[in-house]
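**Q** build me a model from this:
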Amino acid sequence: MDCSPGKYGSLCTSSCRSTTCRNNQCDRSSGLCTECPDNFVGNTCSDCSPGKYGSLCTSSCRSTTCRNNQCDRSSGYCSACTDNFVGNTCTDCRPGKYGPQCASSCLSVNCRNNQCHRSTGRCLACTDNFTGTSCLDCSPGKYGPQCTSSCRSVNCRNNQCDRSSGYCAACTDNFVGNTCTDCSPGKYGPQCTSSCLSANCRNNQCDRSTGYCSACTDNFVGNTCIGCVPGKFGSDCSSSCLSSNCLNNECNATTRLCDACPDYFEGDLCNDCLVGSYSSDCSSRCLSSTCANNQCNRTTGLCHICLGNLDGGLCSALPSSYDWTLTIAGAAAGVGMLVIICVIACICCLRRSRAKWEETEATAPPILLSEMEPAPELRSPPSRAAEGAGAEADDPDSVYEKIRISCIGAENNTYSEFPPQRAEATEPESLYVNVGFS
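**A** Sure thing, here's the model as predicted:
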């Protein structure tokens, strides 16, 4: 026999453990509901059915993704979420997940708090030093695997540099180079904002500090590359001298003729050798001094034309057809004239010598016998007896000397030498007779 509704026990005197048992029926022994009304579950039928909440469990849970479809009886929020869901309503994907069922991983591991958009998987925000929709790019001014290093230059465009090397991907205006520290072509100055001082700098490059050209384009020279190189002139320095042999490669800007020539050259174009010179550099003298006008072949040094009747490259021979008649006649006449001149000269010399001798004879003083002492032994040396006997007697050599001086002495004191041993052979016999020699 069953207890009346709401009662249990052996005597059916105890009330069922729950007032929500279906038809108020509970187990006779335990007092637990044998069946619950709609939306209730449990032994005591005090819990809402899965997906329900409220005092009568008539309201649906606020989310369909609550773990085991269970939500709080009072608030309707999930007590726990199914896998990959979080939040009171279990509508948000857990960190690192996105998609309808939050089953897909976010597109980057660098999303701040590991959160990404539910539909796209892109980061809602990036961790420090990362940027971009997927947080895979380094923040401006950073590079490296974790974007913790600073870029190698502050002049990178948008402060962006290569993730691996740190070199600028692009430079700000007026800067170039991997590190964007060089000025763009045509610019100089601390911020590369000034234009180079010349438009003729090679590759449009100038010194960063001064603005002067580092090198000039072809045909220009100088710090500002506004002057022409030697041998060039004109507004664009493209005009050249008419000759490449001008001294220092300088020529008249109007005529383009050389202003001066190097050594051994002459002419408006300095292509001709100086008179008397030849060879490629005109430094050698012509091979002959008898070339007409002192001109010779530039290559061989041989005469173009010879002086007079000379012939040959060296102008050292007469031509084979030369007429020798006049030459022989002229030579004979010259020899005859020379002989006549020599004869006349000899006659004049002889006459002058005779006149001088006669003048000397006429002016010589006479010799007086009283002025002379006898010298009997003039031509033979005195004997030893005579030397000892007469101290008064004169020496024969001294007597002879007196005679010589008296006879030949002239006003100009010029005397001829008459050695004693040759007196007999050269002087007249009468001389000794007149002076009383024996």
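
**Q** rest of the way, CA atoms for contacts and neighbours
**A** Will do.

**Q** just the pLDDT for residue 50.
**A** As predicted, residue 50 sits at a pLDDT of 91.

**Q** from what I see, it and residue 70 are in contact.
**A** Yes. Contact criterion C-alpha atoms under 8 Å: residue 50 and residue 70 qualify, at 5.3 Å.

**Q** what about these two, which has more around it?
**A** residue 70 (24 against 19; other C-alpha atoms under 10 Å).

**Q** pull the helix or strand with minimum mean pLDDT from this protein.
**A** helix 429-434 (a mean of 39; mean pLDDT, DSSP states H and E).

**Q** what's the neighbour count on residue 123?
**A** Counted by other C-alpha under 10 Å, the residues lying close to residue 123 total 27.

**Q** what are the phi and psi angles of residue 332?
**A** phi -60, psi -40 (degrees, to the nearest 10).

**Q** check contacts around residue 117.
**A** Counting by C-alpha atoms under 8 Å, 6 or more residues apart in numbering, residue 117 touches 98, 106, 123, 124.

**Q** make it 7 Å
**A** Listed by C-alpha atoms under 7 Å, 6 or more residues apart in numbering, the contact partners of residue 117 are 98, 123, 124.

**Q** shouldn't the last one be in contact with residue 114?
**A** Looking back up the chat, that one is residue 124. No. Here residue 124 does not reach residue 114: they are 8.8 Å apart, not a contact under C-alpha atoms under 7 Å.

**Q** the more surrounded of the two?
**A** Ranked by neighbour count (other C-alpha under 10 Å), residue 124 and residue 114 place residue 114 first, with 19 against 16.

**Q** list the contacts for the more buried one?
**A** Listed by C-alpha under 7 Å, 6+ apart, the contact partners of residue 114 are 95, 96.

**Q** which pLDDT does the model give it?
**A** You'll see residue 114 listed with a pLDDT of 90.

**Q** again with the one 4 residues further on
**A** The pLDDT attached to residue 118 in the predicted structure is 88.

**Q** which SSE is it in?
**A** In the assignment (DSSP states H and E), residue 118 maps to no helix and no strand.

**Q** can you offset everything so residue one is 794?
**A** Sure, I'll start counting at 794 from here, so that last one is residue 911.

**Q** just give me the neighbour total for it.
**A** 20.

**Q** residue boundaries of the strands in the stretch 944-1093 of the chain?
**A** 968-969, 975-976, 980-981, 987-988, 1013-1014, 1020-1021, 1025-1026, 1032-1033, 1058-1059, 1065-1066, 1070-1071, 1077-1078 (DSSP state E, counting those that start in this stretch).

**Q** list of residues touching the first one?
**A** Residues from elsewhere that reach strand 968-969 (C-alpha under 7 Å, 6+ apart): 974, 975, 976, 977, 985.

**Q** is it true that the third one touches residue 967?
**A** This points to residue 976. Yes. The criterion here is C-alpha under 7 Å, and residue 976 meets it with residue 967 at 5.7 Å.

**Q** which one's more surrounded, the two?
**A** Neighbours per residue, other C-alpha under 10 Å: of residue 976 and residue 967, the larger number sits with residue 976, 23 against 20.

**Q** do you know how far the residue nearest the centre of the chain is from residue 797?
**A** For the chain, residue 1008 is the residue whose C-alpha lies nearest the centre (C-alpha atoms, centre = their mean; 9.9 Å). Applying C-alpha to C-alpha, to the nearest Å, the value for residue 1008 to residue 797 is 117 Å.

**Q** shared neighbours, residue 976 and residue 967?
**A** What both residue 976 and residue 967 touch, as defined by C-alpha under 7 Å, 6+ apart, is the set residue 985.
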